[in-house]
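Undergrad: Sequence and predicted structure below; questions after.
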Amino acid sequence: MQLRPPGALRDDHAFMAACISCGLCAEVCPPKCIQFHLRDGGSSANTPYIVPEEKSCILCMKCGEVCPTNALEKIAYKKEEIIKQVNMGIAQIDRLTCYPWVNTGICGACGNICPLGKQGIRFEFAGIYRPLVQDGCVGCGQCVEVCPHPSLPIRVVASGMQSIAPHTLKSGSLPF
Amino acid sequence: MHEPKLTAAPTLRRSLWRHLNKLRWLTLIIVFTMLALIPSISLYQTYLAAHAYDLLTPSQQQFYDIMALLTSWFTQHPLKELDAIKGNTWSATLFGLQLSDPLAVLGQLAASLQLYWPFLLSALIPVLLTIIFGRFFCGWICPATLIYEMNSSLSVWLRHLGLISGEQRLDRRLKYLVLIVGLALSTAFGSVMVALIYPPAIIGRELYYAIALGGFGSGTIFFILTLLFDLLVARRGFCRYLCPGGALYALLGRYRLFRIQRRVEQCNDCGKCNAICEFSLQPMRDDFGQECNNCTACIAICPTDALHFSIRIRDQAGQGDGYLGPKYRQSRREADQLKKESGL
Amino acid sequence: MKKTVFILILLQSLALPMIASAHHVMGRPSYSLNEDSNTPPSMQVETRIGDYFVTYMIFPAFPRPGQVGRINLYASTIDNGQPFQGTVRFSVRDDSWFQSKEEIIGDQPVDDNVFRQGFVFSKEGDYIISASFNANGQPYHIDFPLRIGQPSRVGVIGVAVTLIFVLLIGVNIAQRRRVNRAKMRQTQRP
């Protein structure tokens, strides 16, 4: 799935109108997670996006600092500010595939990597078993990148996808 | 009757203005090099941030080593300090100062119909410089100019070989239409459409795509098409007839302070300035106008250094034949003849 | 001066684009070379075909000729996430413009919902791995890329751009005087 960089204007049309395709956000991004559509993408060609399964955002907030048009807003590198203002999406766990949820193993990877700690993902039991996504999740996707299960039971649903179809909560893949 | 001998041309102290063209090529090459270097530096910084040198492939390690060597000359803390210079001619941040192309500001204004003051201010310096110097960006900074000028020489050579023939002359005002339509489409589609057809933005973007993202985008294909247009249809056709940025700077620089002027006392009417002008302007007829991009090719080629930069709000038009040229000498001889005859 | 300029610009035009594959999270490396760890360096491709969602992973990410590697394939239905339990046949062919011979590598049964296929390639190059299986009477046939050896980065556009650069710079430097003279002649023709 394709997420906008952190701090992107909530309304995607406003974002595309503000983005001038200068590429500064991608140039300062330390993990180089910001990509651009090279030869496709239609009206969102040459606008930045992040694919967390390939490379997730580390929430360093450098992209917002450097964006000249405020298409990516400046957000302070502080946990409370990030939780309040960043809205890339929200993580979702497929309980029919995730190892602890189907009782095939103990993992704990997503909760341990989450930069927001218990406000992003907490566990149902013993701080390591059966992850539960919390309200604070901003959708950075580090949990997606680190998930060891080949079919990625945890994924980020992009903000702007207002309703999540009920059957996707049971299936291993999402329709977007 | 002894005809008065016309004095030979006075010995000239060759002026330094003619070296401006070399300086201009230097700045063009420096800008282009920076446009390739900045994405390379940002790629190097991502390798640094990963702290995983051993996991890079051999060619990536070579790249890392070269960049480490280059950057070690001016910084000990590459990860932090190399953030000082980022971006391209479309928009850049230089040691904390944000500088943007005026067309970017205009395009973004058209697309979103909303003002963001810091962005507007980032184009202030370029706008002021354009008001003073005219279309200097086109001649001295634009990365496309470097390629278009070389392409223009290629087209001249191919024409000399007889491989191409004919050259179209289109209307210079066409690019103003392109500018207006581009801005209108930006408003209609809600995205900055001018960025798609403006070569400096394309080149800056595509260099980043090629170096850091591993591929060329659709902009490269568009740019190659403009090269073919210049080659087969009209010399420097895109700059002269289609570039929306060129249109904008020509408008802003209409009453520029610094402009090229011909010193009629030193001109010998050879016409080399007319021949060399890439934009088909007519320096010998004192016609520079708002199209002149200060490329100083005419200054460099003038054998008598009759062209130079001067400070005037308007072109000094209609100076007539150069004093050192055959026509002027002829008319002076005739005038002297008439004077003698009437004096007798 | 002209020669240095020429070399500088030539070097630029030959700069081949490279992508970073270093993997890190929060600035810390999160690679482990153990293939059973959380984040082994591996190449992964996902695709949807018919009723199935198929994930294909190669370990190691950049296999070299002569190096033993493994393909992990995971297939599940899109509707209810049921993993495919049949047999998958893996075959390989050269990735070239012309049709090339396809060779069967192996037929693999499912093992804990994953299909594993080992491989060793002796020659560098671009290959295509085909995974085929039958599900609900429907045949499925999917192609995945596999690069053995150094990843090659030069595409068609890259070649075109390099050629254009070399041509432009070459002509400009070699034919400078002739071009200037020709400009004069062309404009002053009656």
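TA: Here it is on my side, so go on.
Undergrad: can you pull out the helices in chain A?
TA: A:12-18, A:24-28, A:62-66, A:79-85, A:109-113, A:142-146 (DSSP state H).
Undergrad: Low-confidence regions, chain C specifically.
TA: Residues of chain C meeting the criterion pLDDT under 70: C:1-43, C:61, C:151-154, C:186-190.
Undergrad: Dead centre of it: give me the residue that sits there.
TA: Of all residues in chain C, the one closest to the mean position by CA atoms, centre = their mean is residue C:147, 6.0 Å from it.
Undergrad: Adding mean neighbour count, mean pLDDT and distance to residue B:277, write the helices of chain A out as JSON lines.
TA: C-beta: built from backbone N, CA, C; applies to glycine. As requested, these are arranged in JSON lines below (neighbours: other CB atoms under 10 Å in any protein chain shown; pLDDT from 0 to 100; distance: least, CB to CB, whole Å):
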{"stretch": "helix A:12-18", "mean neighbour count": "21", "mean pLDDT": "90", "distance to residue B:277": "39"}
{"stretch": "helix A:24-28", "mean neighbour count": "26", "mean pLDDT": "94", "distance to residue B:277": "36"}
{"stretch": "helix A:62-66", "mean neighbour count": "22", "mean pLDDT": "93", "distance to residue B:277": "40"}
{"stretch": "helix A:79-85", "mean neighbour count": "15", "mean pLDDT": "91", "distance to residue B:277": "54"}
{"stretch": "helix A:109-113", "mean neighbour count": "21", "mean pLDDT": "88", "distance to residue B:277": "62"}
{"stretch": "helix A:142-146", "mean neighbour count": "25", "mean pLDDT": "87", "distance to residue B:277": "56"}
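Undergrad: quick one: contacts for the residue positioned nearest the centre of chain B?
TA: Central residue of chain B (CA atoms, centre = their mean): residue B:139, 1.9 Å from the mean position. Neighbour list for residue B:139: B:24, B:145, B:293, B:294, B:295, B:296 [criterion: CB atoms under 8 Å, 6 or more residues apart in numbering or on different chains].
Undergrad: which residues sit in contact with residue B:197?
TA: Here residue B:197 is in contact with B:178, B:182, B:222, B:242, B:244 (CB under 8 Å, 6+ apart).
Undergrad: Looking at these, which are in helices?
TA: B:178, B:182, B:222, B:244.
Undergrad: one step back: can you list the helices of chain A in CSV and add distance to residue C:123?
TA: Formatted as CSV, these follow (distance: least, CB to CB, whole Å):
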stretch, distance to residue C:123
helix A:12-18, 46
helix A:24-28, 36
helix A:62-66, 42
helix A:79-85, 49
helix A:109-113, 37
helix A:142-146, 33
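Undergrad: on that earlier part again, I'd like the distance between the residue nearest to the residue nearest to the centre of chain C when sequence neighbours are not counted and chain B.
TA: Sequence neighbours aside, residue C:126 is the residue nearest to residue C:147 in space, at 5.6 Å (criterion: CB to CB, 6 or more residues apart in numbering or on different chains). Using CB to the nearest CB, to the nearest Å, residue C:126 is found at 15 Å from chain B.
Undergrad: Residue C:126 and residue C:93 touch, don't they?
TA: No. Contact criterion CB atoms under 8 Å: residue C:126 and residue C:93 do not qualify, at 10.4 Å.
Undergrad: so which of the contacts of residue B:139 would you say is closest to residue C:86?
TA: Of all the contacts of residue B:139, residue C:86 sits closest to residue B:145, with 61.9 Å by CB to CB.
Undergrad: okay, now that closest one: neighbour count?
TA: 25 (other CB atoms under 10 Å in any protein chain shown).
Undergrad: one step back: out of the contacts of residue B:139, who's nearest chain A?
TA: For the contacts of residue B:139, the closest approach to chain A (CB to the nearest CB) belongs to residue B:145, at 19.7 Å.
Undergrad: Would the helix or strand encompassing that closest one count as contacting chain A?
TA: Assigned by DSSP states H and E, residue B:145 belongs to helix B:143-160. No. If you take CB under 8 Å from any CB of the partner chain as the test, helix B:143-160 misses chain A, and the best it gets is 14.0 Å.
Undergrad: Please export the C-alpha coordinates of that helix as CSV.
TA: Provided in CSV are the C-alpha atoms of helix B:143-160 (Å, rounded to 0.1, in the frame of the first residue of the first chain):
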residue,chain,number,x,y,z
PRO,B,143,20.6,23.0,-16.5
ALA,B,144,18.7,22.5,-19.7
THR,B,145,20.6,25.4,-21.4
LEU,B,146,23.8,23.4,-21.2
ILE,B,147,22.2,20.5,-23.1
TYR,B,148,20.2,22.7,-25.5
GLU,B,149,23.3,24.8,-26.5
MET,B,150,25.3,21.7,-27.2
ASN,B,151,22.3,20.3,-29.1
SER,B,152,22.1,23.6,-31.1
SER,B,153,25.8,23.2,-32.1
LEU,B,154,25.0,19.6,-33.1
SER,B,155,22.1,20.9,-35.3
VAL,B,156,24.4,23.4,-37.0
TRP,B,157,26.9,20.8,-37.7
LEU,B,158,24.3,18.4,-39.1
ARG,B,159,22.9,21.1,-41.2
HIS,B,160,26.4,21.9,-42.5
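Undergrad: Contacts for that helix, please.
TA: B:28-29, B:31-32, B:35, B:89, B:138-139, B:164-165, B:167, B:199-200, B:202-204, B:223, B:227, B:230-231, B:235-236, B:238-239, B:278, B:293, C:167-169, C:171-172, C:175-176, C:178-179, C:182-183, C:186.
Undergrad: burial measure for whichever residue of chain C sits closest to chain A, as a count.
TA: In chain C, no residue comes nearer to chain A than residue C:81, which is 3.6 Å away by CB to the nearest CB. Residue C:81 sits with 19 neighbouring residues when counted by other CB under 10 Å.
Undergrad: Please apply the same query to residue B:51.
TA: 13.
Undergrad: could I get the helices of chain A as JSON lines with distance to chain B?
TA: Listed next are the helices of chain A as JSON lines, based on distance: least, CB to the nearest CB, whole Å:
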{"stretch": "helix A:12-18", "distance to chain B": "4"}
{"stretch": "helix A:24-28", "distance to chain B": "4"}
{"stretch": "helix A:62-66", "distance to chain B": "6"}
{"stretch": "helix A:79-85", "distance to chain B": "17"}
{"stretch": "helix A:109-113", "distance to chain B": "16"}
{"stretch": "helix A:142-146", "distance to chain B": "13"}
